[in-house]
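> give me a 3D structure for the following:
(chains A and B)
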Amino acid sequence: MEATIWEVFIQSKNGLAHKHVGNVHAEDKEMALQNARDLYTRRNEGSCIWVVKSEHIVSSVPEDEESFFDPSNDKVYRHPTFYKMPDGSKHI
Amino acid sequence: MQEQLFQKKIDAEQKIEPKDWMPDGYRSHLIRQISQHAHSEIIGMQPEGNWITRAPSLRAKMILLAKVQDEAGHGLYLYSACETLGISRDELNSQLHQGKAKYSSIFNYPTLSWADMGAIGWLVDGAAIVNQVSLQKTSYGPYSRGMVKICKEESFHQRQGYEIMSEMANGTKEQKEMAQDALNRFWWPSIMMFGPHDSDSPRTGNAMKWKIKRKTNDELRQDFIDKTVAQAELIGLKIPDPDLKWNEERSSYDFGEINWDEFWGVVNGNGPCNEQRLNHHIKAHEDGEWVRKAAKAYAEKQNS
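Down below sits the predicted model:
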C-alpha cells in the first residue's frame, strides 16, 4: 500500500493567501509537513505551509463548468462599471 | 466530438487539466514522457552522488549536495504531475525496475574525474534546460507548472558546472586536460539527449499536434549547440567535432554526424553503466522497505 497523498499550499509572504504548489506522499501529518518543507521550500519560498489529504479536496468538475459559473456573467450589476455616475463626481 | 473540443482547446493555447477529457493516446504519451523525465532526475543523482565524498573543497561539497537534493526534488515534482494522469508511484517505479520505462541515456556514462561534475552541470543540465524551457509551454497543466518550477532552480545547476569547467580550464596543465577530456566524453552524449532526428522520431507528429512538445528534437539540439559553442571557446576548450562550423546562411552551427549506433546501444541497455544504475535504484528501493513499513506502523499507532 502506498502512502497517502497530501496537497501542499504555501503562503509565500506574511499577509498573502496560501497557494497550491503540488503534493507529497506521507504516512502522517508531521511527515507530510516535513516532506512539504523539504520539497517545496528549499529557496525561501514560504512563511507558512498547509497540507491537506488529497481525498479531502472536493472539486467542481469540467462538465459542470457552464452551469456552475455562467450565471455570474448575467449579473452585470455586480460590477462597479454598471452604475452611471453624475458628471463631475469624484472619489467614488 | 470530444476530440474536436479537446483539439480546439489545445489550438487556443489553453491548458488541459487532470479531470478534463483527453484522448487515450495523449494520456499514454504524457505518462511515458513525464515518467521518463522523472526517472532521469532520480537516476541522474547517481553519477553526481559518486563525487559528493570526493569533492575538492567544502564549498564544492555543499554545492554538489544542494544540487543532488534539487534533482531529487525535480524527480518528485514530475512524479507528482505524472500521478495526476491516474498512475501510481508504485506502478511508475515498477515500470522502471522492469525496464519498461526509460530514463535519459546520458546517465549511463560513468563520471571519472571531478571535471565530469563540471561537464554534467554545464552540458547535461544545459541541454536539459533548453528542453525544459520549451516544455514550460506544454499543453498539460500539471507538467507545465512543474517545468516552470524546475526551470527556476535549474540555472544554478548549469552555472555551477560552467564555473568548475572554467576554473579547471584556466588551472594547471593537468586540470585543463581533465576539463578537455570531460568535454570530449560528454559532448556527443549530451547532444544525443535530444533524441533521434525528427525524421526518425515517429511520435513527434502527435506530440507537436497536441502541443505536448513545443519544439522538435532537432530544433532543440540546434538551439543547444548554438548556445554552447561560444561558451567553450571563451574558456579555451575545444568541442570534439571536426565538422563543427558556423553557417552564415542559417545563422547556426553545422555539426558532424551523430553516432546513432552508440545512441541506440545505450538506450537498449548496453551503455557502460546501465546495469549499475538500475541495480542501485532497485537496491535503494528495497533497502528502504523497512522505513516505509515503520512509518506506516507509526502512523497507524498514532491514529488508534
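> got the residues of the stretch 51-200 of chain B near chain A?
Where the stretch 51-200 of chain B comes near chain A, counting by CB under 8 Å from any CB of the partner chain, the residues are B:66, B:69-70, B:73, B:76-77, B:80, B:83, B:88-90, B:145-146, B:149, B:153. Any C-beta I mention is one placed from the backbone N, CA and C, and that applies to glycine too.
> swap in 6 Å and give it another go.
B:73, B:76, B:80, B:88-90 (CB under 6 Å from any CB of the partner chain).
> what are the buried residues along stretch B:144-160?
Judged by neighbour count using 16 or more other CB atoms under 10 Å in any protein chain shown, the buried positions of stretch B:144-160 are B:144-147, B:149-150, B:153-154, B:156-158, B:160.
> again with stretch B:21-37
Buried, per 16+ other CB under 10 Å, within stretch B:21-37: B:22, B:26, B:29-37.
> closest to chain A out of those residues?
For these, the closest approach to chain A (CB to the nearest CB) belongs to residue B:22, at 10.7 Å.
> and the residues of the stretch 51-200 of chain B next to chain A, which are buried?
Here, 16+ other CB under 10 Å leaves B:73, B:76, B:80, B:89 buried among these.
> could you dump those into a markdown table and include distance to residue B:302, pLDDT and secondary structure?
Formatted as a markdown table, those follow (distance: CB to CB, whole Å; pLDDT from 0 to 100; DSSP: H, G, I helix; E, B strand; the rest coil):
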| residue | distance to residue B:302 | pLDDT | secondary structure |
| --- | --- | --- | --- |
| B:73 | 27 | 96 | helix |
| B:76 | 24 | 96 | helix |
| B:80 | 25 | 94 | helix |
| B:89 | 23 | 94 | helix |
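> let me have the residues you listed in CSV, extended by distance to residue A:48.
Shown next, in CSV, are those (distance: CB to CB, whole Å):
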residue, distance to residue A:48
B:73, 20
B:76, 21
B:80, 21
B:89, 27
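> right, is stretch B:27-36 up against chain A?
No. Judged by CB under 6 Å from any CB, stretch B:27-36 makes no contact with chain A; its nearest approach is 13.4 Å.
> from the chain's centre, how far out does that stretch sit?
With CA atoms, centre = their mean, to the nearest Å as the basis, stretch B:27-36 stands 14 Å off its chain's centre.
> picking that back up, so which of the buried residues of stretch B:144-160 sit within helices?
B:144-147, B:149-150, B:153-154, B:156-158, B:160 (DSSP state H).
> what about the closest residue to chain A within the stretch 201-304 of chain B, which helix or strand?
For the stretch 201-304 of chain B, the residue closest to chain A is residue B:299, as judged by CB to the nearest CB, at 3.8 Å. Following DSSP states H and E, one finds residue B:299 within helix B:289-303.
> can you give me the buried ones in that helix?
Within helix B:289-303, judged by 16+ other CB under 10 Å, the buried ones are B:296, B:299.
> pLDDT (mean, whole number) over it?
Taken as a whole, helix B:289-303 has a mean pLDDT of 93.
> return stretch B:162-176 as CSV; C-alpha atoms alone will do.
Extracted C-alpha coordinates of stretch B:162-176, given in CSV (Å, rounded to 0.1, in the frame of the first residue of the first chain):
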residue,chain,number,x,y,z
TYR,B,162,30.4,26.0,-16.1
GLU,B,163,32.3,27.6,-13.1
ILE,B,164,34.0,24.3,-12.4
MET,B,165,34.9,23.9,-16.1
SER,B,166,36.2,27.5,-16.3
GLU,B,167,38.3,27.1,-13.2
MET,B,168,39.9,23.9,-14.4
ALA,B,169,40.4,25.1,-18.0
ASN,B,170,42.3,28.1,-16.5
GLY,B,171,44.1,26.0,-13.9
THR,B,172,47.2,23.8,-14.2
LYS,B,173,48.1,21.8,-17.3
GLU,B,174,46.6,18.7,-15.8
GLN,B,175,43.4,20.4,-14.8
LYS,B,176,43.0,21.8,-18.2
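> list the buried residues for that stretch?
Across stretch B:162-176, burial judged by 16+ other CB under 10 Å covers B:162, B:164-169, B:175-176.
> grab the nearest non-local neighbour of residue 83.
Just going to use chain A. Spatially, and ignoring its direct neighbours in sequence, residue A:83 is nearest to residue A:77 (7.9 Å; CB to CB, 6 or more residues apart in numbering or on different chains).
> wrong chain, I was asking about chain B
Using CB to CB, 6+ apart, the closest residue to residue B:83 is residue B:89 (6.4 Å).
> tally up the residues packed near residue 78, please.
Just going to use chain A. When neighbours are counted by other CB atoms under 10 Å in any protein chain shown, residue A:78 registers 9.
> chain B is the one I meant
The number of residues packed near residue B:78 is 26, by other CB under 10 Å.
> same check, this time on residue A:27
Quick note: residue A:27 (other CB under 10 Å) scores 20 neighbours.
> so how far is residue B:124 from the closest residue in space to it that isn't next to it in sequence?
Excluding its sequence neighbours, the residue lying closest to residue A:27 (CB to CB, 6+ apart) is residue B:299, at 3.8 Å. Residue B:299 sits 38 Å away from residue B:124, going by CB to CB, to the nearest Å.
> quick one: average confidence on stretch A:6-23?
Throughout stretch A:6-23, pLDDT has a mean value of 95.
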